[in-house]
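**Q** coords please:
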Amino acid sequence: MWLAVLLITLIALFAGLVLSVAARRLPSDSNDLVDTVNDLLPQTQCAQCGYPGCRPYAAAIVSGEAEINLCPPGGDETVQRLAGLLGKEPLPLATEPASDMKHSLAVIDESLCIGCTHCSDACPVDAIVGAHQFMHTVLASECTGCELCLPPCPVDCISMVDAR
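**A** Predicted coordinates for the structure are as follows:
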């Protein structure tokens, strides 16, 4: 019995050593620069940059497909941080969203709102406030105009207005 335990322990130790060496020598699946750029982005997943989320936008920045100034929620501060990280010249924040979204703001018709919380659950920046079964409202200063709150609303009480 002790022989079997010793044999299994030696096999496990050998396998651990092989895996350790392989982990150090083989390239990792994760791109560290993409991860670092992604960490600098605001993680709003609003798609205003023209990409479906912050991670695809980060990958596009690293590959050179996208400029560093396409993130309205991140603002000039994010552009500065990205420029410093990547050794690029800071660009002014893009004035027009890269996607088809314009400067819009969600507005809730409070007389129609049933307080279902579906819109607030969908909002990536927590710009919609309100409790379950109570009227909700949009914090205009936080809303990015991403329109992610529109599809989950069961009573269509949310509309987008020009925020200019």
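
**Q** quick one: average pLDDT of the host helix or strand of A22?
**A** Per DSSP states H and E: A22 is located in helix 2-25. When pLDDT is averaged over helix 2-25, the result is 88.

**Q** likewise for stretch 104-112?
**A** Rounded mean pLDDT across stretch 104-112 is 90.

**Q** just give me the neighbour total for C123.
**A** Using other CB atoms under 10 Å, C123 is surrounded by 24 other residues. The way it works is simple: take the backbone N, C-alpha and C, and place the C-beta from them, glycine included.

**Q** right, and it touches L148 too?
**A** Yes: with contacts counted by CB atoms under 8 Å, C123 reaches L148, the gap being 6.6 Å.

**Q** can you give me the helices in the protein?
**A** With helices called from DSSP state H, the chain shows them at 2-25, 32-40, 54-63, 75-86, 118-122.

**Q** could you list the buried residues of the third one?
**A** Residues of helix 54-63 classed as buried: 54-62 (neighbour count, 16 or more other CB atoms under 10 Å).

**Q** fine by me, we can end here.
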